[in-house]
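Enquirer: let's see this in three dimensions:
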Amino acid sequence: MADLRLSYTPATGLAARIRRKDISPVEIVSNSLARIEEVNPGLNCFCFVFPDEAMELACAAEAAVMRGDALGPLHGVPVAIKDFTPTRGKRTTLGSHAFEDWIPNHDALIVERLRDAGAIMVGKTTTPEFAHSGFTRSPLWGITRNPWNPAKTPGGSSGGSAAAVAAGCVPLAEGTDMGGSVRIPASFCGAVGFKPSLGRIPMDILPTVFDTISHFGPLTRTMADAALFMSVASGPADRDIMSLKPGIAFDVPPAADVRGLRFALSVDLGYMAVDAQVEACVRDAASALVEAGAVVEEIELAWTKQVTEDWTRYWEVYLAAFFADKLETHRERLDPNVVALLEAGLKMDAVAFKRLEIARTEQWLRLADVFREHDALLCPTMPRPAPDADRDDADFGRVDDEGRYHGFDMTCQFNNVGQCPALSVPAGFTAEGLPVGLQIVTNRFDDPMALRIGAALEAARPWAERRPEV
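Expert: Residues are numbered from 1 along each chain as shown. Predicted coordinates:
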């Protein structure tokens, strides 16, 4: 059986113990693999596990420690990579029969950087087909489940990564976020999930480097681990013309002082229907920041459901541009929701698509007004706790008699303004024991501020002590 104390030790703690020779990378990686073996049959968070290679790399990492070699900041620490992100020599299926046998001949840059820092990839995590959904379910790999309640979804599309972190399989995992795919599962799984500023981590896995909604981000259990991930993974690279130059330094752990800072609170973003328990947790988290010395002011953001609809139309074209060729070759084996998205994207005309930028501009100008007087915007990450695992995105999107929009997420809105970092951190639990996330959005390119606020909340309301009983 896995040693749960070791399973839930943060990456920062594991790396420090390895450097002190208190523990061997072999023991850590062996424990990670044991934990995966225990929980994966029930959760389906990993589609591939690499025990032999991981143990070989752990032995090499141990030898490096004993020789006194220079060690990277993640030396010997097990990590997981999403099955949307290319890994050299290892199948990368994107959750789809269309890529079932694809073996890339290259690593994504983020994988290179994690490996160069000494991390050991123990497996690849499940994702819905083409990372299209806020539920992790695919025709190829089936349903992934939430460690807090296996009847519930872990969220998506980085649901496998979030479930793996929450269940103690790895201390940190990589995810991608085009509409909330890091933050959604972070909220549902009680983890930390960060969408950094557009270009902070180079995005080199798409056919284009000019997309404006796509991000890599970490899934972790602590703010220090999120900062450590960012310190390793961020920085400019020619492989992504939109990567930000110069790079910035991330303090590990982040500063946790919010005294004198001013935060805006919007529970509904102006139009969302929000579960009462979610609202209570978010307000409690805001109160904790006030107790820590910040000023929190409730605002009217005055967005409408058009913000969500504009992202959805962009997303349809995004998917069609990259994957519509699979309709001819794999239509019968694609997720029906994917087929519908691809067909909708193919119908969009170029002028209508370009006009989405006008709507996004109006959205940004309203948010810019907020940032003129506030250091961050606080809101729920998700308007509800995790739904049942067998539901899907199409079950959401109605408007009630009071004009409230019952949408699925409160994350895609901030991919429309991707230059603004957005962080999800645990904010509490419902009466049924399901996690709730607080979303912290900061002004463009101010990634350290988002982590600083998250660290302050972590200090005020520690969340790592509570674990799922899986």
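
Enquirer: could you check how far the residue nearest the centre of the chain is from V370?
Expert: Closest residue to the average C-alpha location of the chain: V182 at 1.6 Å, with C-alpha atoms, centre = their mean. For V182, the distance to V370 equals 23 Å [C-beta to C-beta, to the nearest Å]. All C-beta atoms are positioned from the backbone trio N, CA, C, and that covers glycine.

Enquirer: wait, the residue nearest to the centre of the chain sits on P196?
Expert: No. The pair V182 / P196 is not scored as a contact, 9.5 Å apart, by C-beta atoms under 8 Å.

Enquirer: intersection of neighbour lists for these two?
Expert: Common neighbours of V182 and P196 (criterion: C-beta atoms under 8 Å, 6 or more residues apart in numbering): 215, 217.

Enquirer: now do the SS call for Q439.
Expert: strand (DSSP: H, G, I helix; E, B strand; the rest coil).

Enquirer: what of L377?
Expert: Here L377 is recorded as strand under three-state DSSP.

Enquirer: who's it bridged to?
Expert: A264, V441 (DSSP bridges).

Enquirer: can you read off the pLDDT for it?
Expert: What the model reports as pLDDT for L377 is 99.

Enquirer: how much space separates D388 from N146?
Expert: Between D388 and N146 the distance, using C-beta to C-beta, works out to 10 Å.

Enquirer: cool, A98 as well?
Expert: As judged by C-beta to C-beta, A98 and N146 stand 27 Å apart.

Enquirer: higher neighbour count, these two?
Expert: More crowded of A98 and N146, by other C-beta atoms under 10 Å: N146, with 32 against 23.

Enquirer: next, the more buried one: phi, psi?
Expert: phi -90, psi 130 (degrees, to the nearest 10).

Enquirer: wait, it sits on K152?
Expert: Yes. Between N146 and K152 there is a contact under C-beta under 8 Å: 4.2 Å.

Enquirer: okay, and G428 sits in which element?
Expert: strand 422-429 (DSSP states H and E).

Enquirer: sorry, that was for R366
Expert: Element membership of R366 [criterion: DSSP H and E] is helix 350-373.

Enquirer: now for that helix, which elements pack on it?
Expert: Judged by 3 or more C-beta pairs under 8 Å, 6 or more residues apart in numbering; DSSP states H and E, helix 350-373 is in contact with strand 262-265, helix 306-323, strand 376-380.

Enquirer: and V26, how many neighbours?
Expert: A total of 17 residues lie near V26 under the criterion other C-beta under 10 Å.

Enquirer: overlap in contacts, D388 and N146.
Expert: Residues touching both D388 and N146 by C-beta under 8 Å, 6+ apart: 152-153.

Enquirer: follow-up on the earlier one: what sits against the residue nearest to the centre of the chain?
Expert: With C-beta under 8 Å, 6+ apart, V182 has these contacts: 158, 162, 175-176, 193-195, 215, 217-219, 424.

Enquirer: and it, what pLDDT?
Expert: Note for V182: predicted pLDDT of 99.

Enquirer: would you mark the buried spots in the helix or strand where D52 lies?
Expert: In the assignment (DSSP H and E), D52 maps to helix 51-67. Buried residues in helix 51-67, counted by 16 or more other C-beta atoms under 10 Å: 51, 54-55, 57-58, 61-62, 64-65.

Enquirer: and the contacts of that helix?
Expert: For helix 51-67, using C-beta under 8 Å, 6+ apart, the contacting residues are 18-19, 21, 24-26, 28-30, 32-33, 71, 75-76, 78, 118, 120-123.

Enquirer: buried only: go through those residues for me.
Expert: Judged by 16+ other C-beta under 10 Å, buried ones among the contacts of helix 51-67: 18, 24-26, 28-30, 32-33, 71, 75-76, 78, 118, 120-123.

Enquirer: go through those and flag which are in strands.
Expert: Among the buried ones among the contacts of helix 51-67, DSSP state E puts 78, 120-123 in strands.
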